[in-house]
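>>> Sequence and predicted structure below; questions after.
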Amino acid sequence: MLYEKAPAKINLTLDVLHKRQDGFHEVEMIMTTVDLADRVWLRPTNDGNITIKVSERYVPNDRKNLAYQAADLLRRLYGVRQGVELTLNKKIPVAAGLAGGSSDAAATLRGLNRLWDLRLSVDELADIGAKIGSDVSFCVYGGTALAKGRGEKIEHLPAPPNCWVILAKPAISVSTADIYRNLDIASIKHPDTKGMLHALHAGDYNKMCDSLGNVLEPVTMSLHPQVVVLKEKMQQFGADAVLMSGSGPTVFGFVRQEARVSRIYNGLKGFCTEVHAVRMTGERFLLD
Ligand SMILES: C[C@@](CO)(OP(=O)(O)O)[C@H](O)COP(=O)(O)OP(=O)(O)OC[C@H]1O[C@@H](n2ccc(N)nc2=O)[C@H](O)[C@@H]1O
Ligand SMILES: Nc1ncnc2c1ncn2[C@@H]1O[C@H](COP(=O)(O)OP(=O)(O)O)[C@@H](O)[C@H]1O
């Protein structure tokens, strides 16, 4: 029995360049992992089956689970006969724009690589991850990266300057496909991806705050006004900068002054059940 950590990601920038022939959107986005993680336990079994144990509501325990899909794909690719029981201990809010399911799938790939002694490189695992979902390759590596293509082309970046990250998810669920479908490419206001790259290379916290941007934010906000309210509240309570992550609806805020963290956290707790105060990690997974 072994376990893998599956951290959440946030999008520091998310830009859409155009819609592709295959229906996906060509993106350019900077992502980083934060210190809020699911745990995936992997127990070998002899019955040849993949089973999922998860107690969280709204998370499927069958082949719809991305962790199941990761195990199934790896087993078919490498002709593995052994089974595995995957137990997911969910801490990342579900359907939140934080890539919880993708990170569980990525952790399953890393874990099974060890459990089944497949000796695959992290790049090989990331390529396999891309077949499961656009965010899975990034989640295989973790850390901080510029993602291109539909999200699977990864260029590693330095970790962001250290700070607190407050995450707050309103009690609504958002479908990523719906948000992309409602995006009007012609009216996009592109984020300052170059500015964010400079901020990360220079370790410049203020520039990182100024360069945050996500083209999906106005789309989700127009469908779900609760996200606008949450962003405004986080700003009023004193966050240095606030943005929606991915397709939402989670909003994150950066804070450097420790004294402000509990003020923002407690203020948000008043009207939002899922609030977390965590640290940036920006730490990459390196396989041996
Ligand atoms: C928006 C982002 C930003 O990181 O994350 P989340 O909000 O889901 O966390 C990602 O682009 C989401 O990645 P992921 O959730 O893995 O997406 P997938 O399962 O591959 O695709 C779900 C659906 O989103 C749309 N999609 C996804 C990625 C992309 N580059 N273009 C798209 O149009 C497609 O309609 C697709 O059917
Ligand atoms: N391991 C998993 N954890 C959470 N959700 C999962 C998982 N596998 C599949 N799903 C499905 O994927 C959907 C999106 O979940 P999630 O990955 O948490 O959100 P997001 O893509 O917004 O970051 C959920 O509604 C759920 O039905």
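Sure, I can see it. Ligands and ions are numbered 1, 2, ... in the order given.

>>> Can you tell me the SS state at the residue of the stretch 1-150 of the chain found nearest ligand 2?
For the stretch 1-150 of the chain, the residue closest to ligand 2 is Gly101, as judged by C-beta to the nearest ligand atom, at 2.8 Å. Any C-beta I mention is one placed from the backbone N, CA and C, and that applies to glycine too. The assignment at Gly101 comes out as helix when based on DSSP: H, G, I helix; E, B strand; the rest coil.

>>> give the contact list for it.
Neighbour list for Gly101: 59, 65-67, 94, 133 [criterion: C-beta atoms under 8 Å, 6 or more residues apart in numbering].

>>> out of everything not next to it in sequence, what's closest to Asn89?
Excluding its sequence neighbours, the residue lying closest to Asn89 (C-beta to C-beta, 6 or more residues apart in numbering) is Arg39, at 4.2 Å.

>>> can I assume that neighbour is in contact with Val54?
No - using C-beta atoms under 8 Å as the test, Arg39 is too far from Val54 to be in contact (11.3 Å).

>>> Now do the shared contacts for those two.
Counting by C-beta under 8 Å, 6+ apart, the shared contacts of Arg39 and Val54 are Leu88.

>>> who has more neighbours, those two?
Shown here are Arg39 and Val54; by other C-beta atoms under 10 Å, Val54 has more neighbours (19 against 15).

>>> Now do the contacts for the more buried one.
Here Val54 is in contact with 61, 65, 87-88, 90 (C-beta under 8 Å, 6+ apart).

>>> do Arg284 as well
Arg284 is in contact with 141-144, 156, counting by C-beta under 8 Å, 6+ apart.

>>> Which ChimeraX command selects the buried ones in the residues you listed?
Paste this into ChimeraX to select the buried members of the contacts of Arg284, with burial taken from 16 or more other C-beta atoms under 10 Å:
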select :141,142,143,144
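
>>> check the contacts of Arg284 against ligand 2, which are close?
Near ligand 2, taking C-beta under 6 Å from any ligand atom as the test, no member of the contacts of Arg284 is found.

>>> Tell me what Ile30 is bridged to.
The partner list for Ile30 in beta bridges (DSSP bridges) reads Thr13, Leu146.

>>> Looking at the stretch 101-250 of the chain, which residue is nearest ligand 1?
Gly246 (2.5 Å).

>>> Setting aside sequence neighbours, what's the nearest residue to that residue?
Nearest one to Gly246, counting by C-beta to C-beta, 6+ apart, is Gly97 at 3.3 Å.

>>> mind listing the strands in the stretch 1-150 of the chain by residue range?
Here the stretch 1-150 of the chain has its strands, by DSSP state E, counting those that start in this stretch, at 2-19, 25-45, 50-54, 83-89, 144-148.

>>> Nearest to Arg279, out of the ones you listed?
Arg279 lies closest to strand 25-45 among the strands of the stretch 1-150 of the chain, at 4.6 Å (C-beta to C-beta).

>>> Check the average confidence over that closest one, would you?
For strand 25-45, the mean pLDDT works out to 97.

>>> Stretch 101-115 now?
pLDDT averaged over stretch 101-115 gives 98.

>>> what comes up buried for it?
Neighbour-count burial for stretch 101-115 flags 101-113, 115 (criterion: 16+ other C-beta under 10 Å).

>>> Also stretch 45-61?
Across stretch 45-61, burial judged by 16+ other C-beta under 10 Å covers 50-52, 54, 59, 61.

>>> Now do the end-to-end distance for it.
17 Å (C-alpha to C-alpha, to the nearest Å).

>>> Likewise for stretch 264-276?
Stretch 264-276 has an end-to-end distance of 10 Å (C-alpha to C-alpha).
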